[in-house]
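Q: Okay, structure incoming, though there's no sequence with it:
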């Protein structure tokens, strides 16, 4: 009777192990990565977001609606005339991909560092010293001149000496010295108006009279910290259940291989089964369910980038679960395969 009860408890423990191990693996994979800067840094780099920013800017300008302000509309009309190659040139001169990546990764490090600190509010500073230097550098002026050389000649209506800097046309050669001088003054003025560093959260928090932003950030940190706590301690439950299975069901090394191998094979296989299609499913849902509900004014290039980023992050979160599940399944399968090579514990001979 006691032997039957022990076997029954071992079977229940094995079933509970399978039921708890699968969510524990996914929880550990997500909880140990969702609040880490490296998760998003790798996703941004993998999707080539920094090199694609000029395309985003071009697409964004094309989708900006007309403004009643004539000056604003005139500036937008000029920007809409820039080709993708123009945007690449301007971005590569003033905002190169290497600079954007360095500042973005630094900002992610600072914010995720705050998530794991006791500071009341985040401090995320972005540096603009390199941008200011590039704005007044001779290379920027040379890029502007090359840009104008690819434009058609200006008419008298398009360009007036001493007026706005030309973008849509090429001024007469006799006026280029004056244009270059005006460009240098404009870039110097722009550089002087840019701070060396900017705290991304300083102004929003200062303007938040209701305190909703501060409370939202605090709540986000609390939830993420709790998720990380669950991710660390979640695997303890299935591990304890495996020990109970060994305690009640194992009587030999061969029994240990079987009692642990079969549940591990089932749990690992289920994890792999769920992890493999989840990233494509998330991509499909975002593309076919969420995106059609968004306003049509959102640029297509931006939507494509968001879809790619979401997929890349999901793949990172699930990739670790997939690896753990595969290792667990292969380990369990190996234990089952080699178990016949070990002798079972001899059964006691019944008295006659």
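A: Perfect, thanks for sending it. Nothing here was measured: the structure is a model prediction, and the numbers come from that model.

Q: Residue 95: what's it in contact with?
A: Shown in contact with residue 95 (C-beta atoms under 8 Å, 6 or more residues apart in numbering): 53, 131, 134. (Each C-beta comes from the backbone N, C-alpha and C, glycine too.)

Q: Can you report how many residues lie near residue 222?
A: Neighbourhood size, residue 222 [other C-beta atoms under 10 Å]: 11.

Q: so which strand or helix has it?
A: Assigned by DSSP states H and E, residue 222 belongs to helix 212-233.

Q: packing partners for the next helix or strand after that helix?
A: Past helix 212-233, further along toward the C-terminus, the next helix or strand under DSSP H and E is helix 236-249. When contacts are defined as 3 or more C-beta pairs under 8 Å, 6 or more residues apart in numbering; DSSP states H and E, helix 236-249 sits against helix 2-31, helix 253-285.

Q: Return the angle between stretch directions for the longest one and helix 2-31.
A: By that I understand helix 253-285. Helix 253-285 and helix 2-31 are oriented at 30 degrees to each other (axes from the mean of the first three to the mean of the last three C-alpha atoms, to 10 degrees).

Q: now residue 238, nearest residue through space, not along the chain?
A: Spatial nearest neighbour of residue 238, excluding adjacent residues (C-beta to C-beta, 6 or more residues apart in numbering): residue 21 at 4.0 Å.

Q: Show the contacting residues for that neighbour.
A: Residues near residue 21 by C-beta under 8 Å, 6+ apart: 235, 238, 263, 267, 271, 328.

Q: Tell me which helix or strand residue 119 sits in.
A: According to DSSP H and E, residue 119 maps onto no helix or strand at all.

Q: residues near it, how many?
A: By other C-beta under 10 Å, the residues close to residue 119 number 10.

Q: Quick check, pLDDT for it.
A: Residue 119 carries a pLDDT value of 92.

Q: got the phi/psi numbers for it?
A: For residue 119, the backbone dihedrals (degrees, to the nearest 10) come out as phi -70, psi 140.

Q: Poorly predicted segments of the stretch 201-350 of the chain, please.
A: Of all residues in the stretch 201-350 of the chain, those with pLDDT under 70 make up the ranges 278-279, 282-283, 286-287, 291, 294-298, 300, 344-350.

Q: Please name the residues that touch the residue sitting nearest the centre point of the chain.
A: In the chain, the centroid-proximal residue (C-alpha atoms, centre = their mean) is residue 40; its distance is 3.1 Å. Contacts here follow C-beta under 8 Å, 6+ apart; on that basis residue 40 touches 108, 313.

Q: any idea what it is structurally, helix, strand or coil?
A: Secondary structure, DSSP: H, G, I helix; E, B strand; the rest coil: residue 40 is helix.

Q: Phi, psi for residue 125 please.
A: Note on residue 125: its backbone torsions stand at phi -100, psi 140 [degrees, to the nearest 10].

Q: Near it, how many other residues are there?
A: Residue 125 has 15 neighbours, counted by other C-beta under 10 Å.
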